[in-house]
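Trainee: Here is a sequence with its predicted model. Questions after.
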Amino acid sequence: MTVATNIPAFCQGIQHFKEDLPGFTEYGQTAAIAEGQTAIASPTDKSAVYQTMLAADALRYLTLHITASKQSGHPGGFASIADAIASLVMLGHKNIITEVGHHAPGFYSNVFLDTSLEAMGINNVKDMGDRFREMHGLLGHLSGQIPGLLNPAGPLGQGQHFAMAGAKLHPGVLFPVTIGDGGLGEPYIMSSFGHFNTSFPQVTNFLPILVWNGFSQEHHSMVSTKSNEEMIAYWKGNGFEEVILVNAKDYDDTNQPGDYVNSTRFSFEARMAFSQAVLEATDKAAKSALGGTLTVLIVKQLKGSGVHKDGAQSHNLYPGDSVDKDYIIAALKQRALTPEAWQLVRNNYVRASGGAAVDTAMTEKEYPLANIGTIPMEEYPIGGDKKVATTAMGAIAAYVGQQDKDFIVANADGNAASGIKNINTALKIIHPTSDDTYFQQPNGQVYEPLSEDACAGLAAAQALFGARTLWCSYESFAINGLPIWQTVTQAMAELRRPTPSTITLFTAGALEQGRNGWTHQRPDVENYFAGIMRNGNVFPLFPCDAISIQACYEWALSTKNKGVTITASKSPLEIRTTLEQTREGIAKGGIVIQETPGDKTVVFAVIGDMTLIPALAAAEQLKAQGIGSKIVSIINPRRLYRPTDVAWDTITQSPDGDFLSDAEFSAMFDGDALICVTGGSSAMLEPVMLRSNSKRDVFAWKRGETGNSATQIMEFNGITAENFVKRAKELIG
């Protein structure tokens, strides 16, 4: 080991170089991906095998180097799958997705090698180490802002949704997704694969790659005791026709104990054999997946292979695990390349797939959307027949789907139960059994897995990848799908391209679920949205009737890079607004739907549709006592914050800095008393409570109970006209 001279510029920051490498003279003189080509010619060519092995070592070196540069981060898991990642690139596949956020430093290393990170000013290894786990740099887990990387990755069990969405939108393109064996114990990974394959059997161009390394974050993985035969049977039992397993143990010539071994300890000849096996298996799996067969590739290799420690101890670096520690230095020296080898790896990576991932990955450009023309809107007379808001929105969703064949509606609990059966009628439930009675057929656009995670996952992932979607859920069950929805909205905030907003419709709110009891009464989910409203691109909308919901959905469809939630009842309710009024309410946060003169004025700030009923009744009672009132229907509470309350200016695409001015806020909400009302979480009313200078109080959801009507549930929670009047009179003295 010597100090190298004339090293490539991108290697600045590398501390250890080898003087020579075995096999380089024979297999490293010419890049395996020839100039003008996008992949190796053959996975059996020894030069291609050797250079894939060099690429895997380069990935391991960089992963350990950048994590040790910050004495934090996760090198071990990625190290055990580096051979397969290098194989994918050498075979020309760069649309690589991961389910494992802990593999982030390895994925950064992968896109660094093909120059993608230069788009964010990371030109060499020193830059990469300096900006790892730093603001505006390389986040500890994958996000939406890193050039060349397709998906965010944080919580386990999400990455497969992105792979399936990409495969659905881009036939003929391979979307590999690494799945950690630590997360495989969670059932939603396999269940989401299963439902997707049943719904879209023709879409097989996603390739799960199981990182079967025997360990999780702090202990053995829950699937570490399975035999090879059991693991193969597990995947086949979940619908995968082609299961390809490469076991490093089969190539071990160093007598390592246990079922999981480290290939970097093999002799040169054995390493070449293992590398060739992985390269051939990856090629076979890719062709199988692209050829119409549901396929999984499994690589069984010890966690931490090629870094500083093995097993769960390799997972994380802690303070003190620096680039100057002897065991870190020893590992880096073992994986070190010559300057010539580094340049060879880079040449291959730049040529693979036709260029850097930042230029070639499918998510690096805006997805072409179908023109949906003028959205049909239906006006109803104010005070006329009662209408179901969700049904009115369903008609628009049906129209969108008829114009845009990529559009999907996802719902776990059934559209008909939410008043949007018209969506099923028009777009059909995706099902292998055609049945006109239930509006189902194989080529439908309504995706109905039982899991809310799978519903939200495909809908949100497809929106992130550039296509329109709608996720529908009962408000009480939505929480099970919100983690990936939030992951996507946060990624959209950082994204380098415009993409349709991820839109939801939450129906059958707590007030409508009397007989079902508290199991169906969980409007506290609104706390979630209230908490992330300050992010800058999250917009919870609360239409007040069947006219209002149409304008809300119209606006949501026009937006980019936002998370828009629409919450509405499925019961027939009065029409109280016009389309123009709601459009104004979306722009200004709310609209005044009734004013009554009097000696003093009580202002009601109301979120929701059913909650307007007791507010209007209270206004009548106050009127009889000579007290005036104003009823404001809050449509878009995010507009009611002050600009400094919200991180709107951190949004990269279509930042929305429109907020109601102080003068307009006073004109809308000032009075002798302010009564805030919601059938959900009081947190959603924070913007009003923060800005109001009036004497004020809040009536909100407390807890669920079995009741025979929405009125009884509201009474149980104190949301009554009598309580409003009593408190208003106390406030005005």
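Mentor: Yes, it's here.
Trainee: could you pull out the helices for the stretch 601-733 of the chain?
Mentor: 612-624, 662-669, 686-691, 710-716, 721-732 (DSSP state H, counting those that start in this stretch).
Trainee: between those helices, which one is nearest to Arg271?
Mentor: helix 686-691 (59.1 Å; Cβ to Cβ). For every residue, glycine as well, the C-beta is placed using N, CA and C.
Trainee: Quick one: mean pLDDT for that closest one?
Mentor: Per-residue pLDDT over helix 686-691 has a mean of 97.
Trainee: How far off centre is it?
Mentor: 30 Å (Cα atoms, centre = their mean, to the nearest Å).
Trainee: helices or strands next to the strand or helix carrying Leu88 in the packing?
Mentor: Per DSSP states H and E, Leu88 falls inside helix 82-90. Helices and strands touching helix 82-90, as assessed by 3 or more Cβ pairs under 8 Å, 6 or more residues apart in numbering; DSSP states H and E, comprise helix 46-70, helix 104-113, strand 175-180, helix 268-290, strand 295-300, helix 339-351.
Trainee: run the last query once more with 10 Å
Mentor: Using 3 or more Cβ pairs under 10 Å, 6 or more residues apart in numbering; DSSP states H and E as the contact test, the elements touching helix 82-90 are helix 46-70, helix 104-113, strand 175-180, strand 206-212, helix 268-290, strand 295-300, helix 339-351.
Trainee: quick check: angle from the longest one to helix 82-90?
Mentor: Orientation of helix 46-70 against helix 82-90 (axes from the mean of the first three to the mean of the last three Cα atoms, to 10 degrees) gives an angle of 120 degrees.
Trainee: What residues of helix 46-70 count as buried?
Mentor: 47-70 (16 or more other Cβ atoms under 10 Å).
Trainee: Which segments of the chain make up each domain?
Mentor: 9-364, 387-732 (automatic domain parsing).
Trainee: Below-threshold pLDDT in the protein: ranges please.
Mentor: For the chain, the stretches flagged by pLDDT under 70 are 1-5, 185.
Trainee: the strands in the stretch 301-450 of the chain, which residues?
Mentor: Taking DSSP state E, counting those that start in this stretch, the strands of the stretch 301-450 of the chain run over residues 387-388, 408-411, 429-430, 440-441, 446-447.
Trainee: just the ones you listed: most buried one?
Mentor: strand 408-411 (a mean of 27; mean count of other Cβ atoms under 10 Å).
Trainee: elements contacting it?
Mentor: Going by 3+ Cβ pairs under 10 Å, 6+ apart, strand 408-411 lies up against helix 389-403, helix 421-427, strand 429-430, strand 446-447, helix 452-464, strand 469-474, strand 502-507.
Trainee: Take these and lay them out in a markdown table including distance to Gly657.
Mentor: Conversion of those to a markdown table gives the following (distance: least, Cβ to Cβ, whole Å):
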| stretch | distance to Gly657 |
| --- | --- |
| helix 389-403 | 27 |
| helix 421-427 | 34 |
| strand 429-430 | 40 |
| strand 446-447 | 35 |
| helix 452-464 | 23 |
| strand 469-474 | 26 |
| strand 502-507 | 21 |
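Trainee: picking that back up, got the domains of the chain as CSV, with distance to Gly373 columns?
Mentor: Shown next, in CSV, are the domains of the chain (distance: least, Cβ to Cβ, whole Å):
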stretch, distance to Gly373
domain 9-364, 21
domain 387-732, 6
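Trainee: mind listing what's buried in stretch 160-172?
Mentor: For stretch 160-172, by 16+ other Cβ under 10 Å, it's Gln160, His161, Phe162, Ala163, Met164, Ala165, Gly166, Ala167, Lys168, Leu169, His170.
Trainee: Kindly provide the distance from His103 to Pro432.
Mentor: Relative to Pro432, His103 is positioned 35 Å away (Cβ to Cβ, to the nearest Å).
Trainee: which of these two has more neighbours?
Mentor: Ranked by neighbour count (other Cβ atoms under 10 Å), His103 and Pro432 place His103 first, with 29 against 10.
Trainee: isn't that one right up against Phe78?
Mentor: Yes: applying Cβ atoms under 10 Å as the test, His103 and Phe78 come out as touching, 4.2 Å apart.
Trainee: and for those two, which residues touch both?
Mentor: Thr63, Ile85, Asn110, Thr178, Gly180, Val211 (Cβ atoms under 10 Å, 6 or more residues apart in numbering).
Trainee: Of the residues you listed, just say which sits nearest to Ser681.
Mentor: Among the shared contacts of His103 and Phe78, Gly180 lies closest to Ser681 (Cβ to Cβ), at 34.5 Å.
Trainee: list the contacts for that closest one?
Mentor: For Gly180, the contact set (Cβ under 10 Å, 6+ apart) comprises 77-78, 80-81, 98-103, 156-157, 159, 189, 210-213, 215-217, 221, 303.
Trainee: and if you look at Pro8?
Mentor: Taking Cβ under 10 Å, 6+ apart, one finds Ile14, Asn124, Pro339, Glu340, Trp342, Gln343, Val345, Arg346 in contact with Pro8.
Trainee: now do Ala86
Mentor: Shown in contact with Ala86 (Cβ under 10 Å, 6+ apart): 51-60, 110, 113, 275, 278-279, 282, 345, 348-349.
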